[in-house]
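>>> what's the 3D shape of this:
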Amino acid sequence: QVSIQSTRKIHSCGGSIISADVILTAAHCLEKLRNAPCNSFFKDRGRRAPSKSCSVC
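Model (predicted):
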């Protein structure tokens, strides 16, 4: 499970990890983020992995 966040780290919705490059979430969660910059990162036991840029499609 992941948190969908803006680049300001504001939580907007949750999502499920489908693969290394795909996160599944409800369409309404991303309406405001379409074509906007965003970052993705994972936390595991309190450790934050490096962030990666992402796109909404």
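
>>> what pLDDT does Ala26 get?
On the pLDDT scale, Ala26 is placed at 86.

>>> again with Asp21
With respect to pLDDT, Asp21 scores 74.

>>> now do it against Val2, distance only.
According to Cβ to Cβ, to the nearest Å, Asp21 and Val2 sit 13 Å apart. No exception for glycine: its C-beta is placed from N, CA and C like everyone else's.

>>> out of those two, which sits in the busier spot?
Under the neighbour definition other Cβ atoms under 10 Å, Asp21 and Val2 were set side by side, and Val2 has more, 16 against 9.

>>> count the neighbours of the closest residue to that one other than its chain neighbours for me.
With Cβ to Cβ, 6 or more residues apart in numbering as the criterion, Val2 has its nearest non-adjacent residue at 4.8 Å, and that residue is Gly15. Gly15 sits with 18 neighbouring residues when counted by other Cβ under 10 Å.

>>> helices or strands next to the strand or helix carrying Gly15 in the packing?
Under the criterion DSSP states H and E, the helix or strand holding Gly15 is strand 11-19. Strand 11-19 makes packing contacts with strand 2-5, strand 22-24 when contacts are defined by 3 or more Cβ pairs under 8 Å, 6 or more residues apart in numbering; DSSP states H and E.

>>> alright, calling it a day.
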